[in-house]
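Visitor: Show me the folded form of this:
(2 chains)
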Amino acid sequence: MQSQGSLSVSDESIARMLCDDSHVEQAVRLIMSKYGEQLYWHIRRMVVAHDDAEDCLQETMINVYKYRSTYSNEFPLSSWLYKIATNESLKLLKNRAGFTLSVDDLGDSLKESVREEASPNADETLILLQEAIALLPAKQKMVFNLRYYDDKSYEEIHQIVGDSVNTLKTNYHYAVQKIKDYILEHQL
Amino acid sequence: MKEFDLEKLSREMPYKMPEHFLDDMTERVVSQIGKQRKQRKERKFIAMFAGAASAAAVALLLLHPFGSARLDIPDYESISQCTSVDDLFQTMSADELNIYSMMSNYYGN
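Guide: The predicted structure follows:
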């Protein structure tokens, strides 16, 4: 849902507007128009349910406004936005896990949500793929999603997730293997 | 052994995003940010007002002539230096003259 207008505005200009009090609302509109859809799907792949993705996206954008002064143009604006969205998704999952569980223990309940949330006419292999992703540990899930769906380079993923490129490559490799195994095991 | 090529799989999601969701979300976020900005301005104004009021109170305490000069009454020395009652009246302010006039009327001069 990227509008032609927002695409023509550079990230540098958006970042400048974001730090200028008289243009902050315009900057938020441009971010939503240029990156809203990507951020929504990035969050949704992590939290699965639409309602949770909605809360996370709203919180992400409020944090973009709140912490706009911390943005450094050393990094691409999109990496900074993805980082906030990733943190919000993890925060929601941590809240759900509570004190006794870790985020990685939520795999089964996320997997159940995949089927509940899937469209009635959705392709079975795509559902299986999402189930397999839901079962991955959070770090592997983040790396896999950013690489596979958002086509991010390892350097960009490093800016978002923070781990070294080698660690990210290892995480991606394990994620791919687990996903393939799951699909092969469950495919009719 | 069976092989599965992930790269050949569609990147499509099995979920749907509700129609107009992003537009509605944009409006909601902008409205919330507007509220936060308004609250921040109000807090800033209150802080400025409180600061100005405190500064004014401190200035009043420091600059107001409390103590012996509080009533602005000429001391005995300055009165004794006056050569006549007319001179004394000339040293009095309009308020003091009013008070003098009121007291004169009350005590019948």
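Visitor: rest of the way, CA atoms for contacts and neighbours
Guide: Will do.
Visitor: So chain B: which segments form each domain?
Guide: Following the assignment in automatic domain parsing, chain B carries domains at B:21-65, B:73-109.
Visitor: Show the pLDDT at residue B:74.
Guide: As predicted, residue B:74 sits at a pLDDT of 59.
Visitor: between the domains of chain B, which gets nearest to chain A?
Guide: For the domains of chain B, the distance to chain A is smallest for domain B:21-65, at 6.1 Å, taking C-alpha to the nearest C-alpha.
Visitor: pLDDT of that closest one, averaged?
Guide: 86.
Visitor: Does anything pack onto the lengthiest helix in chain B? Which helices or strands?
Guide: Identified as the longest helix of chain B according to DSSP state H is helix B:21-63. The contact analysis (3 or more C-alpha pairs under 8 Å, 6 or more residues apart in numbering or on different chains; DSSP states H and E) places helix B:21-63 against helix A:24-47, helix A:50-66.
Visitor: helix/strand/coil for the residue lying closest to residue B:6 once chain neighbours are set aside?
Guide: Nearest non-adjacent residue to residue B:6, counting by C-alpha to C-alpha, 6 or more residues apart in numbering or on different chains: residue A:180, 7.3 Å away. Classification of residue A:180 using DSSP: H, G, I helix; E, B strand; the rest coil returns helix.
Visitor: Now for residue A:180: which residues touch it?
Guide: When contacts are counted by C-alpha atoms under 8 Å, 6 or more residues apart in numbering or on different chains, residue A:180 touches B:4-6.
Visitor: Name the nearest of those residues relative to residue A:115.
Guide: Nearest to residue A:115 among those: residue B:6, at 20.1 Å, using C-alpha to C-alpha.
Visitor: And the pLDDT for the closest one?
Guide: 91.
Visitor: In stretch A:94-109, which residues are buried?
Guide: Judged by neighbour count (16 or more other C-alpha atoms under 10 Å in any protein chain shown), stretch A:94-109 contains these buried residues: A:94, A:103-107.
Visitor: Looking at those, which two lie furthest apart in space?
Guide: Going by C-alpha to C-alpha, the two entries of those that are most distant from one another are A:94 and A:107, at 12.4 Å.
Visitor: how many other residues sit next to the spatially closest residue to residue A:54 that is not a sequence neighbour?
Guide: Nearest in space to residue A:54, with sequence neighbours left out and distances taken as C-alpha to C-alpha, 6+ apart, is residue A:40 at 7.6 Å. As a burial measure, residue A:40 scores 23 neighbours (other C-alpha atoms under 10 Å in any protein chain shown).
Visitor: neighbours of residue 50, just the number please.
Guide: Unless you meant another one, I'm taking chain A. 19.
Visitor: Correction: the question concerned chain B.
Guide: 12.
Visitor: Same question for residue A:171.
Guide: If you count neighbours by other C-alpha under 10 Å, residue A:171 ends up with 18.
Visitor: Also residue A:176?
Guide: Neighbours of residue A:176 (other C-alpha under 10 Å): 21.
Visitor: Residue B:24 and residue A:84: what is the separation?
Guide: Per C-alpha to C-alpha, to the nearest Å, residue B:24 is found 21 Å from residue A:84.
Visitor: The most centrally placed residue in chain A: what's it in contact with?
Guide: A centroid search over chain A (C-alpha atoms, centre = their mean) returns residue A:42, at 2.8 Å, as the residue closest to the centre. Counting by C-alpha under 8 Å, 6+ apart, residue A:42 touches A:82, A:85-86, A:145-146, A:150.
Visitor: ok, now with 10 Å
Guide: Contacts for residue A:42 were tallied using C-alpha atoms under 10 Å, 6 or more residues apart in numbering or on different chains; they are A:36, A:48, A:53, A:57, A:82, A:85-86, A:89, A:142, A:145-146, A:149-150.
Visitor: who wins for most neighbours among those residues?
Guide: With neighbours taken as other C-alpha under 10 Å, the top of these is residue A:57, carrying 29 neighbours.
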